[in-house]
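Trainee: Any chance you could fold what I've pasted below:
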Amino acid sequence: MATLEELRVEVEGIDAAIIDLIGRRQDCAGRIAHYKYTAHLPVRDEGQRQAVLDRVFERAVERGVDATAVQQVFELLIGMSEARQRDCLGEGNLP
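Mentor: Predicted coordinates for the structure are as follows:
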C-alpha cells in the first residue's frame, strides 16, 4: 500500500499534467482565434459551447465522476478559451 506522501506526490504529478493540458488548450484557443478572425466568425459560439458541455458531461458519467462538477470546470475552461481568443484578436485584457 502506498504511503500518504507517495499518494500526494502522485496527485502533484497529475496536477502538473492538468496544468500542461490547460496550457495546450489555451494554445489551441489562440489558433482558433486566428481561424475565426479570417473566417469572420464571432468568438462565442453557443452551439459549440453546449456541445462541449454535453460531451464532457457524458464522459464524466461514463468515468463515474461528478458530471455536474466536471461541467463547471469546463465552463471555466471555455471562459478562459474565449478570453484567450478575445486577447488574440486585441479585444481582451490578458497580459
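Trainee: So for this structure, the centremost residue is which one?
Mentor: In the chain, the residue lying closest to the centroid (Cα atoms, centre = their mean) is Leu77, at 3.4 Å.
Trainee: now the chain, which segments are flagged as low pLDDT?
Mentor: Within the chain, the segments meeting pLDDT under 70 span 92-95.
Trainee: Look through it and tell me its longest helix.
Mentor: With secondary structure taken from DSSP state H, the chain has its longest helix at helix 4-39.
Trainee: Quick one: list the elements packing against that helix.
Mentor: Where contact means 3 or more Cβ pairs under 8 Å, 6 or more residues apart in numbering; DSSP states H and E, helix 4-39 is packed against helix 67-88. The C-beta positions use only the backbone N, C-alpha and C, and glycine is treated the same way.
Trainee: List the contacts of the helix it packs on.
Mentor: Residues outside helix 67-88 that contact it (Cβ atoms under 8 Å, 6 or more residues apart in numbering) are 22, 25-26, 28-30, 32-34, 36-37, 43-44, 49, 52-53, 56-61, 92-94.
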